[in-house]
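1. pasting a predicted model and its sequence here:
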Amino acid sequence: GAIAPGRRGKSAKVGEKVQIPDLSEYMENFCSQAKSLSSEVVRNFKLLQQLDEKVNSAKGKVSTDSNAYSAAKNKNSDDMRVLKTSIDENQKNCLEWADEKVNLGKQCLQQLSDKLKQLDDDMIDFDEKMLLLQAQAEEDEAEAASNAQRSSRDRDRKRKAPLSWLEEGNFVEVEWDGEWWQAKIRKVKVRP
């Protein structure tokens, strides 16, 4: 079996038996890891909500203070300078919190992406191991069939072998008075 197009992974070494992981055990482990990931994501979303509340509160204060500053006739008074500083500080905080929200969102997405990539890689590895196991099983079946065929041929040869070399004109070695001699077969007699 070939690996599906676009799939990457590790192949077993020649002669190496492929071990298939216990899928139910794998899924239990993956789900427990996903639960802990889920709690991290929930925590990050709570932080996002808290930052949203801070930003909305600061935006409301900036809006109120900006209206008061715009309506003031003397913008150079000490109260107006304090109000202007407060507006600037709240706007700065809103920008920092917005950056934090973006970073938290990116972190959540990265965590989920990493977990899904791990699952995808594990499933690719599992698929490849299943394909290798299937190929090994097919090879084992073919080898067993070949061995059975070879064994059958060997049995047939053994039955025929004692007589197949015993034909007129063939050379044989013969022991005569303790010495070995080469002789040519002239006539074959088969005893009943």
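-> Done, it's in.
2. past the lowest-mean-pLDDT helix or strand in the chain, which element shows up next along the chain?
-> The least trusted helix or strand in the chain, going by mean pLDDT, DSSP states H and E, turns out to be strand 171-176, with a mean of 81. Going down the chain from strand 171-176, the next helix or strand is strand 179-184, by DSSP states H and E.
3. against which helices or strands is that following strand packed?
-> Packing contacts for strand 179-184, counted by 3 or more CB pairs under 8 Å, 6 or more residues apart in numbering; DSSP states H and E, involve strand 171-176. No exception for glycine: its C-beta is placed from N, CA and C like everyone else's.
4. report all helices and strands that the strand it packs on contacts.
-> Short answer (3+ CB pairs under 8 Å, 6+ apart): strand 171-176 packs on strand 179-184.
5. which residues sit against the strand it packs on?
-> 169-175 (CB atoms under 8 Å, 6 or more residues apart in numbering).
6. for the helix or strand hosting Phe126, give the mean pLDDT please.
-> Per DSSP H and E, Phe126 falls inside helix 78-164. Mean pLDDT, computed over helix 78-164, is 84.
7. helices or strands next to it in the packing?
-> helix 23-71.
8. who are the packing partners of the helix it packs on?
-> Against helix 23-71 (3+ CB pairs under 8 Å, 6+ apart) you get helix 78-164.
9. now do the helix it packs on against helix 23-71, angle only.
-> With axes from the mean of the first three to the mean of the last three CA atoms, to 10 degrees defining the directions, helix 78-164 sits at 160 degrees from helix 23-71.
10. tell me the gap between helix 78-164 and the middle of its chain.
-> 3 Å (CA atoms, centre = their mean, to the nearest Å).
11. hey, what's Lys184 bridged with?
-> Applying DSSP bridges to Lys184 yields these beta-bridge partners: Phe171.
12. use 25 as the first number for this chain going forward.
-> All set: I'll call the first residue 25, so the last point we hit is now Lys208.
13. how many neighbours does it have?
-> 9 (other CB atoms under 10 Å).
14. can you pull the pLDDT of it?
-> Lys208 is given a pLDDT of 84.
15. how near is it to Asn53?
-> 77 Å (CB to CB, to the nearest Å).
16. tell me the buried residues within the contacts of strand 203-208.
-> With burial judged by 16 or more other CB atoms under 10 Å, the buried subset of the contacts of strand 203-208 is empty.
17. could I get those residues as a markdown table with distance to Leu75?
-> Formatted as a markdown table, the contacts of strand 203-208 follow (distance: CB to CB, whole Å):
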| residue | distance to Leu75 |
| --- | --- |
| Gly193 | 103 |
| Asn194 | 100 |
| Phe195 | 101 |
| Val196 | 101 |
| Glu197 | 100 |
| Val198 | 105 |
| Glu199 | 104 |
